[in-house]
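J.: 3D model of this:
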Amino acid sequence: MSHTLLITGVSSGLGRASATAALEAGHTVVGTVRTPDQAAAFEQLAPGRAHARMLDVTETDAVEPTVAAIEEEIGRIDVLVNNAGYGVEGTFEETPLDTFRHQFDVNVFGVIAVTQAVLPRMRERRAGHILFVTSMGGLRTYPGLSAYHGSKFAVEGIAASLAQEVAELGIHVTAIEPGAFRTDWAGRSMHRVESTIADYAPIFAPIREHRLAMSGHQPGNPAQAGRALLAVIDADKPPTHLILGSDALRLVADARASFDAETAAWSELSKSTDFPDEEQVA
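T.: Numbering: from 1, shown residues only. I've put the predicted structure just below:
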């Protein structure tokens, strides 16, 4: 079955790979871009089925009119892929508050605005699929990515709650959690905060150097990620979470095991905060 997908951020990375896979499979894709050159290049991928729309997701007043125009001019949006986003690298103490705010404006509030614009029409039709491209960094953390992790953990929570709210309305919700893919995320797309506090150098400097060295050599294949996304939207019972990449599977499992072990170790103290059983309502 052919679908119309709205994918935010299709000029590069996983957004471009997902759009390309969808177009090759015969779907129609509306992709958001930031410049006229990007728009022209995108529409050349599949004339008549690749439609570019200029949109900065942080300009939230423009989101609803853009979605309304897409539905009127191109057709119903069957699938929304919230992909637009970027990363901030820097220790918590050294990351300015305005940098935190902009990270959340793009990665969280932009996602909310687009989803809230698309959702009412899906709800009225009792059909649709909303995908949130988060990260393995929405399920586990590393030093030096507090702003990015905070934004992705926020989207994970939003997606999980939304999935429960719309499950009976014919709408599917899936959080996509990629590991390290061979995109510009760790290169051109990464905002790096200057590090000036010597106390953090022993732990943070090697992490920054390793990430820079790995850029362009990550194990994940973006084209394969695009094909995986198509498998999700074609599934009768799509998952609410899909981890992409063998590295992400391993690293998320390690973090979950550590969390479970610590929870078990402190479980008696956790339970000690309840009122006595006889004072609880059965």
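J.: got the phi/psi numbers for Leu242?
T.: phi -140, psi 110 (degrees, to the nearest 10).
J.: Can you name the helix or strand that the nearest residue in space to it that is not next to it in sequence falls in?
T.: Spatial nearest neighbour of Leu242, excluding adjacent residues (C-beta to C-beta, 6 or more residues apart in numbering): Ile176 at 5.3 Å. All C-beta spots, glycine's among them, are computed from the backbone N, C-alpha and C. Assigned by DSSP states H and E, Ile176 belongs to strand 171-178.
J.: neighbouring contacts of that strand?
T.: Here strand 171-178 makes contact (C-beta atoms under 8 Å, 6 or more residues apart in numbering) with 14, 119, 122-123, 126-136, 138-139, 155-156, 159-160, 162-163, 166-167, 220, 225, 229, 232, 238-245, 248, 252.
J.: Can you turn the buried part of those into a PyMOL selection?
T.: Here is the PyMOL command that selects the buried residues among these (16 or more other C-beta atoms under 10 Å):
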select buried, resi 14+119+122+128+129+130+131+132+133+134+135+136+138+139+155+156+159+162+163+166+220+225+229+232+241+242+243+244+245+248+252
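J.: Tell me how many other residues surround Tyr142.
T.: 15 (other C-beta atoms under 10 Å).
J.: Let me see the contact set for the residue lying closest to it once chain neighbours are set aside.
T.: Nearest non-adjacent residue to Tyr142, counting by C-beta to C-beta, 6+ apart: Ile207, 6.9 Å away. The neighbourhood of Ile207, defined by C-beta under 8 Å, 6+ apart, consists of Tyr142, Pro143, Gly144.
J.: could you redo the last one with a cut-off of 10 Å?
T.: If a contact means C-beta atoms under 10 Å, 6 or more residues apart in numbering, then Ile207 has Glu89, Thr91, Tyr142, Pro143, Gly144, Leu145 as its contacts.
J.: Ramachandran coordinates for the last one?
T.: Put plainly, it is Leu145. According to degrees, to the nearest 10, Leu145 has phi -130, psi 30.
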